[in-house]
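Undergrad: Structure for this input, please:
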Amino acid sequence: MLAIRAWGGCHRTSLSSALAITVVAVCLMVVGLEGWHTWDARITAIAADKVETANLSRSLAQHVHDLMQAVDVVASGVRERVEVDGLSPNGLERLRRWMTKAIETVPMVHGVFVYDAAGNWLANSVSAARPPLNNSDRDYFQYHRDHNEDHLFIGKPVRSKSDGSWIVTASRRMDAADRTFAGVVLVTISIDTLRRFYATFDVGKAGAVTLLTSDGIVLAREPSGDAAVGIDLSGSRIFQELLPNSPSGNFEAVYPLDGITRVGSYRRVDGYRLVIVVAHGLDAVLREWRSDALLHLAISAATILALAILGIRFASQLQRTQRADRRYRLLADNSSDVIACVGLDGRPLYLSPAFSVLTGWSVQDGLERPWQDFVHPDDRSSIRTIGSQLSARAGPVACSLRYLCKDSLSRWAEARVQFVDPAGGVEAQFVATLRDITERKLAEDQVAALNKEIAFQAVTDGLTGLANRRRFDEGLAQEWRRAARERHSLSLLIIDVDRFKAYNDRYGHPRGDQCLRAVATAVAGCAKRAGDIVARYGGEEFVTLLPGADANAALMLGESVRAAIQAIGLEHAGNPPAGILTASVGVATMTPVPDGDEYQPADLVAAADAALYEAKHGGRNQVVCRTTVSLSVAPAPVLEG
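TA: Predicted coordinates:
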């Protein structure tokens, strides 16, 4: 495909040849990949089946091991009772009853028998009567007679002399006191019961479960019935090649019994001369694989046909795309705004040349580093916010942020980011346009700072730096409503400098301004709560609004303010008898009522003003508190100073 793009300006003949080569190469690759995938799927199917049969063979081998252990316990128990109780008629009867109960605990046991040294029946669990039978011709009897070995011997399958059914024999030798051969204890296992047990496992139509001796003699096989019992498979691959090298494993071979190719597992039973084999028919194992292979073949054929059709149409589409690509790149390369495409991992995929103008970094520098590396650390949270909004498909997102330039400075840019879903072979990505707004941002910051200064000056007294009358009126109205809602008290202090006109006349207005600034500092230093409002009310009057303060607290604060002003120690010869600067304080406290018309904020001011009047007429330099207001009688005029 890269070759075709590179040859976009060549003649149609060259383009068609390149396209034909590409399509053929792709088709061959599809065929090769499908062939490899199909063969790999076959190997995987067989391997999975081998795992399944291996697990089943392990479980069945454990079952046989547990069964043989139970059989060995019964045989050993019978031998021990014969040795203890002897072979008297009463002892044999007790032994028969014990054997009958013992086999009830091992359902697959067919019967338990005891023979003397001549092979005659002494006792059995099948019938109370001892039939006049002799088993000296049996392989297991002859083995124990000729071998002085103390272990459970598993013989070849035989027909039971008691009922004619196929059985597996497991026997132990009995010795006399002088260690000579005294007879055999025989436990028989019903092969039919084993087959019914193996039939409970689904191994498929051509599958099989087989129990054999380590010599290759079939003891039980399902399905096959009695026809397979006793067959010698010692010449098969399992016994010739596999078992000598490993006690367990997998195989794929043709079964000698029926000529069917099977895949399966074998396992030697621990501690006993037995082998369990579990196998599935190869045709059954590969049935689903064949269906998938045919389906993939059909899909591959359809894919190749589609590629041929698409290849023809792609040639014309490629030429149109190249023309469009040249137009779009012309626009992007000559735009004064930065155009950027950023992958989902945060790395730029494309940067227009305007990026170098904005940041001073080259386009190559920008493509080699994550996008957020160019964003000012304080603004990187904006990148995360944009990502969250775009993940929610909120549409285009706009924000302003600073970009780090190569000269270590930063510039403001207005970013507009859009998430683009993958389409037309283009991966999902973020498309952003960045416009340099540094000059506009500086102008906006200047205007904002100026507005903030104007707003501050609008509510600040220019001489003292305290809140002005306007700020106090707004705060009083607001705190009055809050006090009415929350049912708490509201206190007000009005502080008036004593004989301030005389101070101005004697010391001049510049000294008077210094005096007012000192008083403002003292008053503000006493009101330490965050919600208190200290303001210059007018001329030499100051106010302190105390939300939530009761009359006692307000009175104490008023006394603190009075003492703080006196402590300034400014000479004031026109203020006898103190001779220094003092002030009088009027205090009023009220509790507004929601939706009440009896009192209003102005009444609180009037009450404090009336208290100030009393302080002035009471000799100045004192604090007077009022908690109620008389609306019928207006306060008398305050004396000058």
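
Undergrad: Do you have the strands of the stretch 251-400 of the chain handy? List them.
TA: 261-268, 274-281, 338-343, 348-351, 397-404 (DSSP state E, counting those that start in this stretch).

Undergrad: If you average pLDDT over each of those, which is lowest?
TA: The stretch with the lowest mean pLDDT among those is strand 397-404, at a mean of 78.

Undergrad: and that one, what other elements does it pack with?
TA: If you count contacts as 3 or more C-beta pairs under 8 Å, 6 or more residues apart in numbering; DSSP states H and E, strand 397-404 packs onto helix 354-359, helix 380-391, strand 410-420. (Each C-beta comes from the backbone N, C-alpha and C, glycine too.)

Undergrad: thinking again about what came up before, of the strands of the stretch 251-400 of the chain, which stretch is the most buried?
TA: Mean neighbour count (mean count of other C-beta atoms under 10 Å) peaks for strand 274-281 among those, with a mean of 25.

Undergrad: sorry, back to before: of the strands of the stretch 251-400 of the chain, which is nearest Phe430?
TA: Ranking those by proximity to Phe430 (C-beta to C-beta) places strand 338-343 first, at 4.5 Å.

Undergrad: circling back: for the helices and strands packed on strand 397-404, which one ends up most surrounded?
TA: helix 354-359 (a mean of 20).

Undergrad: just to revisit the earlier point, closest one to Met99 among the helices and strands packed on strand 397-404?
TA: helix 380-391 (77.7 Å).

Undergrad: Give me the contacts around that closest one.
TA: Residues from elsewhere that reach helix 380-391 (C-beta atoms under 8 Å, 6 or more residues apart in numbering): Trp371, Gln372, Val375, Val397, Cys399, Leu401, Ala415, Val417, Gln418, Phe419, Phe430.

Undergrad: Please dump the strands of the stretch 251-400 of the chain into a markdown table; it should also carry distance to Ser214 for every row.
TA: A markdown table is the format used below for the strands of the stretch 251-400 of the chain (distance: least, C-beta to C-beta, whole Å):
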| stretch | distance to Ser214 |
| --- | --- |
| strand 261-268 | 7 |
| strand 274-281 | 6 |
| strand 338-343 | 65 |
| strand 348-351 | 69 |
| strand 397-404 | 77 |
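
Undergrad: where does the chain have its least confident helix or strand?
TA: helix 2-6 (a mean of 36; mean pLDDT, DSSP states H and E).

Undergrad: Tell me the spacing between the closest residue to Arg159 other than its chain neighbours and Asp137.
TA: Take Arg159 and drop its neighbours on the chain: the residue closest to it by C-beta to C-beta, 6 or more residues apart in numbering is Trp166, 6.3 Å away. Noted for Trp166: a distance of 17 Å to Asp137, by C-beta to C-beta, to the nearest Å.

Undergrad: neighbour count winner among those two?
TA: Trp166 (22 against 8; other C-beta atoms under 10 Å).

Undergrad: Among the strands of the stretch 251-400 of the chain, which comes closest to Leu122?
TA: strand 274-281 (27.9 Å).

Undergrad: how far does the helix or strand hosting Val82 sit from the chain's center?
TA: Assigned by DSSP states H and E, Val82 belongs to helix 12-85. Centre-to-centre, helix 12-85 and its host chain are 34 Å apart (C-alpha atoms, centre = their mean, to the nearest Å).

Undergrad: Now do that helix, average pLDDT.
TA: 82.

Undergrad: wait, what's in contact with Arg237?
TA: Counted by C-beta under 8 Å, 6+ apart, Arg237 has contacts Phe251, Ala253.

Undergrad: From Ser246, how far out is it?
TA: Arg237 is 13 Å from Ser246, by C-beta to C-beta.

Undergrad: cool, Leu463 as well?
TA: 105 Å.

Undergrad: Settle this for me: Ala253 is touching Ile260, isn't it.
TA: No: Ala253 is beyond contact range of Ile260, at 10.1 Å (criterion: C-beta atoms under 8 Å).

Undergrad: Which of the helices and strands packed on strand 397-404 sits closest to Gly586?
TA: Of the helices and strands packed on strand 397-404, nearest to Gly586 by C-beta to C-beta is helix 380-391, at 52.0 Å.

Undergrad: show me where pLDDT drops low in the stretch 501-641 of the chain?
TA: 596-597, 627-641 (pLDDT under 70).

Undergrad: Could you rerun that using 50?
TA: The model of the stretch 501-641 of the chain has pLDDT under 50 over residues 629-638.

Undergrad: all helices of it, in order?
TA: Per DSSP state H, counting those that start in this stretch, the stretch 501-641 of the chain carries helices over the ranges 509-526, 551-568, 601-617.

Undergrad: Tell me who's in contact with the spatially closest residue to Arg402 that is not a sequence neighbour.
TA: Of all residues not flanking Arg402 in the chain, His376 sits nearest, at 3.8 Å (C-beta to C-beta, 6+ apart). Taking C-beta under 8 Å, 6+ apart as the criterion, His376 is in contact with Leu401, Arg402, Tyr403, Leu404, Ser410.
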